[in-house]
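S.K.: what would the 3D arrangement of this be:
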Amino acid sequence: MQTQSQPTHYPTYFQPGNLFNIREVNRYFWSINRPMTLLFWATVLTSILGLIGFALDERTVLGMPTWAKTSKFSLSIALYAATMLWVFGYDTLRPRLSRFILSASAYILALEIGLIIFQGSRAVPMHFNNATPFDTTLFSIMGMSITLLWFINALGVAVLAAQRVPSRALAWSLRLGLIVALLGMLEGFLMTAPSPSQLATLQAGQHADLIGAHTIGAADGGPGLPFLGWSTTHGDLRIGHFIGLHGLQVIPLLGLFLMLRRDPWLTERRKLWLVVIGATGYCSLAALAT
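M.R.: Residues are numbered from 1 along each chain as shown. Here you go, the predicted model:
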């Protein structure tokens, strides 16, 4: 629903008539940033191909189908790309900076998913892989690129802080969603520390094929949830990581929902407080899961 206070670039494809109109969504995405739009459609395709491989390829990596990681990361990146295109579609004050943030993020994530697919095709781990100098180099490249992605996305918070959005509640939901996602992203760095058993191996002067782990209290590859692989018998850092990252979608959707509400008692101030409470609670959930 348009109002006079809303800018002409308001993402109208979220209205019921356009949400599932692929042509209109693509046209809007393309007008915001081409590299991120290409990344979105590329990861939609790799999601489909990964799911096919998940069903047909019997090879496993650390107890999970070799294409599970490709499918999970492709789906997550596609969702990230669509969300970032929507969020930064509001930017009119710093369009060049927004284009840099979106384009640089797209290139980095294209490299990441490319490396994941490459290692998946070899049926070897992507993350924490220290088996050969080649595998170590690939994981080091990914680590450096993701670190750079974090700082680029942190710059995005500053860009969003200056934007004028139709609703204060929506504006703060965009900012807080990205902040919570950045905190969730930081948890990924906790996974790179050697586990006690790996540390003991290294201290003994022996070679460790893996340095870092998702699971706490056991080696990766034990009993886990189907497809996701999250441990069902021990702690798992991926759960809090997942919750935190997807604050990028959950919190802005809360702001969008509240913005569209027209209840007389639901003033703009109350909407804003509900967003703040929701973001705080969601961040606390990610911390509790961790």
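S.K.: hey, where'd the strands end up in this structure?
M.R.: All strands of the chain, identified by DSSP state E, fall at 60-61, 64-65, 215-216, 235-236.
S.K.: take these and write them to JSON lines, including mean neighbour count.
M.R.: All C-beta atoms are positioned from the backbone trio N, CA, C, and that covers glycine. Below are the strands of the chain laid out as JSON lines (neighbours: other C-beta atoms under 10 Å):
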{"stretch": "strand 60-61", "mean neighbour count": "16"}
{"stretch": "strand 64-65", "mean neighbour count": "21"}
{"stretch": "strand 215-216", "mean neighbour count": "18"}
{"stretch": "strand 235-236", "mean neighbour count": "21"}
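S.K.: of those strands, which is nearest residue 137?
M.R.: When the strands of the chain are compared by C-beta to C-beta, strand 60-61 sits nearest residue 137, at 18.6 Å.
S.K.: partners of that closest one in the sheet?
M.R.: strand 64-65 (antiparallel) (DSSP bridges).
S.K.: enumerate every residue touching the closest residue to residue 153 other than its chain neighbours.
M.R.: The shortest distance from residue 153 to any non-neighbouring residue, by C-beta to C-beta, 6 or more residues apart in numbering, is to residue 182 (5.9 Å). By C-beta atoms under 8 Å, 6 or more residues apart in numbering, the contact list for residue 182 reads 150, 153, 154, 157.
S.K.: ok, of those residues, which come out buried?
M.R.: In the contacts of residue 182, burial by neighbour count holds for 150, 153, 157, counting by 16 or more other C-beta atoms under 10 Å.
S.K.: okay if I get the strands of the chain as CSV plus mean pLDDT?
M.R.: As requested, the strands of the chain are exported to CSV (pLDDT from 0 to 100):
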stretch, mean pLDDT
strand 60-61, 90
strand 64-65, 90
strand 215-216, 91
strand 235-236, 92
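S.K.: could you dump those strands to a markdown table with distance to residue 255?
M.R.: Converted to a markdown table, the strands of the chain look like this (distance: least, C-beta to C-beta, whole Å):
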| stretch | distance to residue 255 |
| --- | --- |
| strand 60-61 | 39 |
| strand 64-65 | 35 |
| strand 215-216 | 33 |
| strand 235-236 | 30 |
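S.K.: so which of those gets nearest residue 140?
M.R.: strand 60-61 (19.1 Å).
S.K.: chain center to that closest one: distance?
M.R.: On the basis of C-alpha atoms, centre = their mean, to the nearest Å, strand 60-61 sits 23 Å off its chain's mean C-alpha point.
S.K.: residues contacting that strand, please?
M.R.: So strand 60-61 is in contact with 66, 69, 120, 123, 124, 125, going by C-beta under 8 Å, 6+ apart.
S.K.: just the residues you listed: which are in helices?
M.R.: 69, 120 (DSSP state H).
S.K.: from the contacts of strand 60-61, pick the one nearest residue 43.
M.R.: Among the contacts of strand 60-61, and counting by C-beta to C-beta, the member closest to residue 43 is residue 69, at 13.2 Å.
S.K.: that closest one: what's it in contact with?
M.R.: Applying C-beta under 8 Å, 6+ apart, the residues contacting residue 69 are 61, 116, 120, 126.
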